[in-house]
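A.B. asks: My questions are about this predicted structure, shown below with the sequence.
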Amino acid sequence: MAITIIVAKSNNGIIGKDGDLPWRLPEDLKRFKRLTTGNIVVMGRKTYDSIGRPLPNRKNIVISRNTSLKIEGVEVEHDLIDVLKRNQEENVYVIGGGQIYVEALPFSEKLEVTEVDVELVGDTSFPEIDSSQWKEIFREKRVDLESNLTYSFVSLERIA
Ligand SMILES: NC(=O)c1ccc[n+]([C@@H]2O[C@H](COP(=O)([O-])OP(=O)(O)OC[C@H]3O[C@@H](n4cnc5c(N)ncnc54)[C@H](OP(=O)(O)O)[C@@H]3O)[C@@H](O)[C@H]2O)c1
């Protein structure tokens, strides 16, 4: 059981633009679905808005400061760290966005990163990771024929 951050980021750390993803990579979305299904997904309210519906077959937890926010099919919570501590016995996937990644990174044991081989302008970034604290355990290179983007699925584990 672990807290895992799952993210797709460009070479310069960009993860979002205008409230959406800066690319369309169907194989990445399939991997996201395969890894997260059956588990808990935790996301910021803005990421929830960009998805627009609860992700099926997963417990959806949305983090917001708005104490009157109610969303059908979703557990709205106000304290990310409390959520992570309460669900230590489960597989929790932190699925973004930028604000939530910053807060969750110190508590995460695994990173599932899709490194998209492009430099982009965007408005949301993934925080710098300290590579001395993480060990790469898996890497697989892919090409998206539609967009001609190359990208790699990379798994990292925190060094104990
Ligand atoms: N490439 C990827 O893998 C990926 C993944 C996910 C998202 N994204 C992109 O990232 C962007 C969204 O990221 P973002 O950084 O703008 O927003 P976000 O992290 O998704 O959500 C921010 C919201 O979360 C709530 N929040 C944050 N910290 C909190 C705290 N300490 N306590 C309580 N609530 C807290 C607040 O909601 P309230 O305003 O309701 O209080 C805040 O406005 C979009 O462009 C999205 O497409 C990319």
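C.D. replies: Arrived safely. Numbering: from 1, shown residues only.
A.B. asks: So which residues on the protein come close to the ligand?
C.D. replies: On the criterion CB under 6 Å from any ligand atom, the ligand has as its neighbours in the chain the residues 7-8, 15-16, 19-21, 43-47, 50, 63-66, 78, 80, 95-100, 103, 124. C-beta here means a position set from N, CA and C on the backbone, and glycine is covered the same way.
A.B. asks: Could I have the buried ones of those as PyMOL selection syntax?
C.D. replies: Buried residues within these, as defined by 16 or more other CB atoms under 10 Å, are selected in PyMOL through the command that follows:
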select buried, resi 7+8+15+16+21+43+44+45+46+47+50+63+80+95+96+97+98+100+124
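A.B. asks: among the residues of the chain next to the ligand, which are in strands?
C.D. replies: 7, 8, 15, 16, 43, 44, 63, 124 (DSSP state E).
A.B. asks: residue ranges of the strands in this structure, please?
C.D. replies: Remark: strands assigned in the chain by DSSP E are 3-10, 14-16, 40-44, 59-63, 75-77, 92-94, 110-116, 124-125, 134-144, 149-158.
A.B. asks: ok so, going back, can you name the two of the ones in strands among the residues of the chain next to the ligand that sit furthest apart?
C.D. replies: For these, the maximum inter-member distance is 19.8 Å, found between 8 and 63 (CB to CB).
A.B. asks: mind showing which ranges of this structure have poor pLDDT?
C.D. replies: Nowhere does the chain drop to pLDDT under 70.
A.B. asks: Determine the longest helix present in it.
C.D. replies: In terms of residue count, the longest helix belonging to the chain (DSSP state H) is helix 26-36.
A.B. asks: Need the outlier residue of this structure, farthest from its centre.
C.D. replies: Among residues of the chain, the one most distant from the C-alpha centroid is residue 68; the distance is 25.1 Å, by CA atoms, centre = their mean.
A.B. asks: show me what contacts it?
C.D. replies: Taking CB atoms under 8 Å, 6 or more residues apart in numbering as the criterion, residue 68 is in contact with no other residue.
A.B. asks: mind checking how far it is from residue 46?
C.D. replies: Applying CB to CB, to the nearest Å, the value for residue 68 to residue 46 is 17 Å.
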